[in-house]
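[1] dropping the sequence and predicted coords here.
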Amino acid sequence: MHKLLFLVPLLSFMACGSQLSVSGTDGFLVPRPPNYSNTENWAALPDRTGEAADHTPGERLTDKQATAPADVFYVHPTIYFKTTDVSKYWNANLTDAKLNESVEESAMRNQASIFNGAGRVFAPRYRQANIKVFYPEGRAVSERALDTAYTDVLAAFDYYLENWNGGRPIVIASHSQGTTHAKRLLRDRFDRKALRKQLVVAYLVGMSVSADAYATIPVCESAEQTGCFVSWRTYRTDFEAKPSIRDTVSNIAVVNPISWTTDEERVPASLNKGGVLYNYKKGPMPELVWAERRGDGLFTNKPSFFGDIFFTRKNYHIGDYNLFWMNIRENAGARVDAFREEQQ
């Protein structure tokens with residue numbers, strides 16, 4: 001089953017060397033912060049060729065970063081599942097080569113690459129918090145670990161803005177833990193700020209986001225609206241939610257990634273232009289699933305693919321992007337085009 005959906009190879013990563021960490025007073029070890037002038041601390045940069053974010057599934061699509069009129073700042077989800085010494089190492093070390101490779105082969109290839117048709121892709125490595133901070137065993141350290149991770153995301157964005165942006169339109173894209181940080185980034189750098197004028201759209205996917213989260217950045221209500229954000233969390237149609245320490249957001253925004261509206265009407269699979277599952281080389285699979293907003297979630301049918309009999313999960317979190325891959329790719333391009341027309 002681990003080969004069927006792409007996204008998160010469940011690996012146990014090697015413990016980071018203690019010589020690369022600094023100790024807190026309580027034994028909480030925090031890896032040293034990255035220097036973003038060092039290109040090794042970026043999982044994707046547009047002037048590096050042949051990396052995972054430059055790939056496209058199948059043979060029809062191409063990487064268009066060289067001529068793209070906008071930039072995409074992408075924040076990847078949790079890929080840090082190390083269990084050894086997690087009571088000390090709640091944040092990932094960026095010298096972990098296996099972890100870095102996993103970030104590239106999962107998140108960069110399957111999510112960041114969606115956007116290489118609409119913008120130059122910038123994706124920082126960051127000291128991501130361990131997956132356990134989202135569960136009861138990590139509750140006591142979750143805020144501290146996530147704050148450490150966000151410090152890096154903010155530093156990376158500021159470095160990008162000062163050195164590479166040059167006033168270009170900006171798309172923010174993120175998933176899961178990445179969205180936890182991207183939500184804050186929008187608040188700290190865009191909402192009520194001058195940079196708001198450069199925001200094309202924010203794809204805040206895989207985490208709860210309140211529709212009222214921002215004073216000047218609304219929920220997108222149409223496919224070509226700009227200066228807004230979209231968000232959704234995907235479940236199989238018969239999924240029943242259970243209480244979670246993450247469920248503290250009210251008035252949760254849900255945008256259907258096929259229709260790009262907040263309507264609760266079911267959008268048929270015939271309008272799904274293609275999902276990307278286990279076979280990246282095969283290319284997008286049209287009409288993979290339908291999608292329906294229902295309350296605080298996005299619900300869909302079980303996708304049909306070779307080996308799907310073994311795919312029994314009901315929470316489709318790992319497929320938030322992949323189930324709607326082509327719709328998201330085309331939408332990013334459409335919003336960039338609309339933004340440029342508005343600026344003329």
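    Right, received. Where do you want to start?

[2] any idea where the helices of the protein begin and end?
    When assigned using DSSP state H, the helices of the chain occupy the ranges 97-103, 109-110, 139-160, 177-189, 325-343.

[3] mind putting these in a markdown table, mean pLDDT and distance to Pro218 included?
    All C-beta spots, glycine's among them, are computed from the backbone N, C-alpha and C. Listed next are those as a markdown table, based on pLDDT from 0 to 100; distance: least, C-beta to C-beta, whole Å:
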| stretch | mean pLDDT | distance to Pro218 |
| --- | --- | --- |
| helix 97-103 | 96 | 31 |
| helix 109-110 | 96 | 29 |
| helix 139-160 | 96 | 22 |
| helix 177-189 | 98 | 12 |
| helix 325-343 | 97 | 14 |
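
[4] switch those over to TSV; also include mean neighbour count and distance to Tyr36.
    As requested, the helices of the chain are arranged in TSV below (neighbours: other C-beta atoms under 10 Å; distance: least, C-beta to C-beta, whole Å):
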stretch	mean neighbour count	distance to Tyr36
helix 97-103	18	15
helix 109-110	24	22
helix 139-160	19	4
helix 177-189	23	14
helix 325-343	19	24
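
[5] quick one: closest of those helices to Pro303.
    Closest to Pro303 of those, according to C-beta to C-beta: helix 325-343, at 11.8 Å.

[6] how far off centre is the closest one?
    Between the mean C-alpha location of helix 325-343 and the chain-wide mean there is a distance of 17 Å, by C-alpha atoms, centre = their mean, to the nearest Å.

[7] please export the C-alpha coordinates of that helix as CSV.
    As requested, the backbone C-alpha atoms of helix 325-343 are provided in CSV (Å, rounded to 0.1, in the frame of the first residue of the first chain):
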residue,chain,number,x,y,z
TRP,A,325,-3.7,17.9,-9.5
MET,A,326,-4.6,19.3,-13.0
ASN,A,327,-7.4,21.5,-11.7
ILE,A,328,-5.0,23.2,-9.3
ARG,A,329,-2.3,23.6,-11.9
GLU,A,330,-4.7,25.2,-14.4
ASN,A,331,-6.3,27.3,-11.7
ALA,A,332,-2.9,28.7,-10.6
GLY,A,333,-2.2,29.8,-14.2
ALA,A,334,-5.6,31.3,-14.6
ARG,A,335,-5.3,33.4,-11.5
VAL,A,336,-1.9,34.6,-12.5
ASP,A,337,-3.3,35.7,-15.9
ALA,A,338,-6.2,37.4,-14.2
PHE,A,339,-3.9,39.2,-11.8
ARG,A,340,-1.8,40.5,-14.6
GLU,A,341,-4.8,41.8,-16.5
GLU,A,342,-6.0,43.6,-13.4
GLN,A,343,-2.6,45.3,-13.1
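
[8] contacting residues around it?
    Where contact means C-beta atoms under 8 Å, 6 or more residues apart in numbering, the residues beyond helix 325-343 that reach it are 57, 61, 68-70, 72, 114-115, 117-119, 169, 171, 173, 200-201, 203, 223-226, 257-258, 260, 271-276, 284, 286, 321.

[9] about what we covered before: can I get the helices of the chain in JSON lines with distance to Phe81?
    Converted to JSON lines, these look like this (distance: least, C-beta to C-beta, whole Å):
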{"stretch": "helix 97-103", "distance to Phe81": "9"}
{"stretch": "helix 109-110", "distance to Phe81": "17"}
{"stretch": "helix 139-160", "distance to Phe81": "14"}
{"stretch": "helix 177-189", "distance to Phe81": "12"}
{"stretch": "helix 325-343", "distance to Phe81": "24"}
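
[10] Glu292 is nearest to which of the ones you listed?
    helix 325-343 (14.5 Å).

[11] and Arg60, what does it touch?
    Counting by C-beta under 8 Å, 6+ apart, Arg60 makes contact with Gly283.

[12] and if we set it to 10 Å?
    With C-beta atoms under 10 Å, 6 or more residues apart in numbering as the criterion, the residues that contact Arg60 are 274, 283-284.

[13] go on, His55?
    61, 63, 108-110, 112-113, 116, 280-281.

[14] run the last query once more with 6 Å
    With contacts defined as C-beta atoms under 6 Å, 6 or more residues apart in numbering, the neighbours of His55 are 109, 113.

[15] what about His317, how many neighbours?
    Close neighbours of His317, defined as other C-beta atoms under 10 Å, add up to 17.

[16] chain neighbours aside, what residue packs nearest to it?
    Ranked by C-beta to C-beta, 6 or more residues apart in numbering and with sequence neighbours excluded, the top spatial neighbour of His317 is Gly206, at 6.0 Å.

[17] same question for Tyr159.
    Spatial nearest neighbour of Tyr159, chain neighbours left out: Tyr36 (4.0 Å); criterion: C-beta to C-beta, 6+ apart.
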